[in-house]
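Participant: starting from these lines, generate the structure:
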Amino acid sequence: MSGPQQPEAAQPRKSPCASCPYRKNVPSGVWDKAEYAKLPAYDGEMHEQSSAAVFMCHQGDGCVCSGWLGHRDPADMLAVRLGLMRGDLDPSCADYTTDVPLFASGAEAAEHGGKQIHSPGADAVAVIDKIMRKKEVQAFHA
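Facilitator: Residues are numbered from 1 along each chain as shown. Below you'll find the predicted structure:
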C-alpha cells in the first residue's frame, strides 16, 4: 500500500513570460495594483523580506515566476530557501538565471508597473487582452 502521492515540485519557465512584471520591456499598467504591491516584499536582505510565499507565474500554469527568480540571486530569497526545504520548489530554482533584462528589485518593478495603472497605454492594453484571451481558453478547457 502506498501513501498519498506528493505534488510535483514547481519549476521555473525557461524564460520570464512576455507579460512578467519583472521584465523591463513590459508596458506599465498591465497588472492590478495588488499584484505590483506583492513585489517589494522580496527585496532586501533575507531578514528584511516580508514574504515567505513563493511567487508563481501569472500564467497560472503552476510554474514559478522566472522573472522573480531571475531578478536577483534566488538563493538569497527566503521564499526560495523555504520552498526548497519543503520540497515545493525544484532544486533548479536555486540556480536560475536569465539574460532577459529585469528590474533589479521588486520595488523598481512595482514602481514601473504602477505608473500607468489607471490609464494603460495601447501596448499595455494589447498585453492585457492577450492575457484575458489565454485565461478564457484555460477556463474553457478546465
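Participant: residues near Val125, how many?
Facilitator: 13 (other Cβ atoms under 10 Å). Yep, even glycine has a C-beta here, placed from its N, CA and C like the rest.
Participant: where does it land in three-state SS?
Facilitator: helix (DSSP: H, G, I helix; E, B strand; the rest coil).
Participant: which ones are touching Ala109?
Facilitator: Contact analysis of Ala109 by Cβ atoms under 8 Å, 6 or more residues apart in numbering lists 21-22, 36, 39, 67, 71, 102-103.
Participant: and the residues you listed, which two are the farthest apart?
Facilitator: Checked with Cβ to Cβ, the contacts of Ala109 reach their widest spread between Tyr36 and Leu102, with 14.7 Å between them.
Participant: can you tell me which of the contacts of Ala109 is closest to Glu136?
Facilitator: For the contacts of Ala109, the minimum distance to Glu136 (Cβ to Cβ) is 21.1 Å, reached by Pro21.
Participant: residues near that closest one, how many?
Facilitator: Neighbouring residues of Pro21 were enumerated by other Cβ under 10 Å; the total is 28.
Participant: and the contacts of Ala109, which of them are in helices?
Facilitator: 36, 67 (DSSP state H).
Participant: what residues does the helix or strand harbouring Leu84 touch?
Facilitator: Leu84 is part of helix 78-86 when elements are defined by DSSP states H and E. Residues from elsewhere that reach helix 78-86, judged by Cβ under 8 Å, 6+ apart: 10, 42, 46, 49, 51-55, 69, 74-75, 89, 91, 93-94.
Participant: buried residues in it, which are they?
Facilitator: 78-81, 83-84 (16 or more other Cβ atoms under 10 Å).
Participant: distance from the chain centre to that helix, please.
Facilitator: Helix 78-86 sits 15 Å away from the centroid of its parent chain (Cα atoms, centre = their mean, to the nearest Å).
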